[in-house]
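[1] 3D, please:
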Amino acid sequence: MSSEKKDTKENIKVTAASEKPAEKSENGKAVKEKPAKEKPVKEKPVKEKPAKEKPVKEKPVKEKPVKKKKRNRDKELTIILSAILAALTIAGLILFFIMPDPYAGIPEQEEVSDLPTQEPEVPEPETDPVPIPVQPAISYPAPAYDFTEENVYVEIPGIDHEYTIAWVSDVHMITDFTAGDVGEASLETVRNRYETLSITPDGVHGRELWPMIIDYLNYNDFDAVIFGGDIIDYCSTSNMEALKRGFDRLKYPSDRILYIRADHDYGTWYSDGSTGFDDLKCAELHTALDGDDNTCKYIDFGDLIIAGVNLSTSAPGEDQIEVLTGLYGRGVPVIAATHVPYFSMVDPSLEELSMLVRNRKYYWNPGGDSYGIDENTRKILDLVYAEDSECRLVLAGHLHAAWEGEINFGLRQHIFSPAFSGVIGVVHVVPEGSAP
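    Numbers count the residues shown, from 1 in each chain. Predicted coordinates for the structure are as follows:
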């Protein structure tokens, strides 16, 4: 840049020196004009700036101004339209609140789902309903044997209707005639008992009488049935099978059947220990019959309880004592059911009959030889004889003769005739003041 400046100055000087001013004369003389001094012009060096690209700005398109007259006309039109719209809105609101809803009562249409819809089921053509067949009432045949009914009535305060309860004991059924569960040495004894004990006065043996006893029970309608012991004369497979055939035909529910066993129901003494039939096998057959649970020997009607003592020919176990104590403590009237009768504290006629029929005291009594009262038996008797006892009646068998009387003041006992004599007991529990 410095060399360029020098060259420029030199050029300017040379030019000034070569150019001479023109001479002019006013009188023809030549006038010498002084050359005018020219100041040298200093040129500023031009700095070269890098060229910058300027963005091209788009100029906005300017709308032409609307004329004032046209603008005022548009404004007036807008006001008019707004007024019309407001008037229509007000009119619509008035009609909405005044006019009834034309769609009132019409159900809304369900939204259509994008999911595939199932085709509506086509109802089957109506047909006449098929009538449900009415099961005819089961008719039970009358028994072929003409049984004698031994009726017993007991009035119990608080009972509002009659209960009828059947009692069957001392059938002493025998079905073994050849050696098997019964040993060969005992067959003659069994045959003699079949001909002399298990037979009615008119010659019907216990094995033929048993099915007819079931017919009698089914033919009548009892509230409960009590089998009071010695239904079979001894325990054997044959006797238990015959017993089960009868039980299976009973129409009564299991909670309305009470079977209290005695010594003959459990006895295996005719097996002689040589047949393979023993007490364990006997217990299995009784369990298969009805469960034979000592803790379930009772029937509960709610306002009346029948409390049974199982195997009353022996002293009761603690399990029975506990259950019976609970039953007598409920505050509900109780009817006691036992195979072996209880002694009478007030009526000597029981002892007289027993000595006549059995030649001994054939019932539980203090100091007795066969049925002396031990500690556990005393606990059962205390429940029956106590002054505040809930016991209202005692039912028994075993004596093979009928007897009724008081065993304590106000407490009666009825001993039933044996079923092998063709007698079935019927107990009528009736409201107070309604006994015949």
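
[2] measure Val309 to Gly433 for me?
    Using CB to CB, to the nearest Å, we find Val309 at a distance of 30 Å from Gly433. Any C-beta I mention is one placed from the backbone N, CA and C, and that applies to glycine too.

[3] more neighbours, those two?
    Between Val309 and Gly433, Val309 has the larger neighbour count (other CB atoms under 10 Å), namely 23 against 7.

[4] Look at the closest residue to the more buried one other than its chain neighbours and say how many residues are nearby.
    Distance criterion CB to CB, 6 or more residues apart in numbering; nearest residue to Val309, sequence neighbours excluded, is Thr338 at 4.6 Å. Residues contacting Thr338 under the criterion other CB under 10 Å number 27.

[5] got the contact list for Thr338?
    By CB atoms under 8 Å, 6 or more residues apart in numbering, the contact list for Thr338 reads Ile260, Gly308, Val309, Ser312, Val394, Leu395, Ala396.

[6] just those now: which is nearest Ile174?
    Using CB to CB, Ile260 comes nearest to Ile174 of those, at 20.6 Å.

[7] returning to what we had before: would you format the contacts of Thr338 as JSON lines with distance to Cys296 included?
    Converted to JSON lines, the contacts of Thr338 look like this (distance: CB to CB, whole Å):
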{"residue": "Ile260", "distance to Cys296": "11"}
{"residue": "Gly308", "distance to Cys296": "9"}
{"residue": "Val309", "distance to Cys296": "13"}
{"residue": "Ser312", "distance to Cys296": "16"}
{"residue": "Val394", "distance to Cys296": "20"}
{"residue": "Leu395", "distance to Cys296": "18"}
{"residue": "Ala396", "distance to Cys296": "20"}
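
[8] between those residues, which is nearest Gly405?
    Nearest to Gly405 among the contacts of Thr338: Val394, at 10.6 Å, using CB to CB.

[9] so the closest one makes contact with Ile407?
    Yes. With contact defined as CB atoms under 8 Å, Val394 reaches Ile407; the gap is 6.6 Å.

[10] which neighbours do those two share?
    Common neighbours of Val394 and Ile407 (criterion: CB under 8 Å, 6+ apart): Tyr342, Gln413.

[11] quick one: Glu406 and Arg392, what's the gap?
    Taking CB to CB, one finds Glu406 at 12 Å from Arg392.

[12] oh, I was asking about Pro431
    As defined by CB to CB, Pro431 lies at a distance of 13 Å from Arg392.

[13] Of the two, which one has the most company?
    Using other CB under 10 Å as the criterion, Pro431 and Arg392 rank with Arg392 on top: 19 against 14.

[14] can you list contacts of the helix or strand harbouring that one?
    Arg392 is located in strand 391-396, with elements delineated by DSSP states H and E. Residues from elsewhere that reach strand 391-396 (CB under 8 Å, 6+ apart): 152, 154, 156, 167, 226, 228, 328, 333-342, 363, 383-384, 407, 411-416, 425, 427.

[15] what sits against the nearest residue to Gly206 once chain neighbours are set aside?
    Take Gly206 and drop its neighbours on the chain: the residue closest to it by CB to CB, 6+ apart is Ser198, 3.5 Å away. Ser198 is in contact with Val171, His172, Met173, Ile174, His205, Gly206, Arg207, Asp233, Phe420, counting by CB under 8 Å, 6+ apart.
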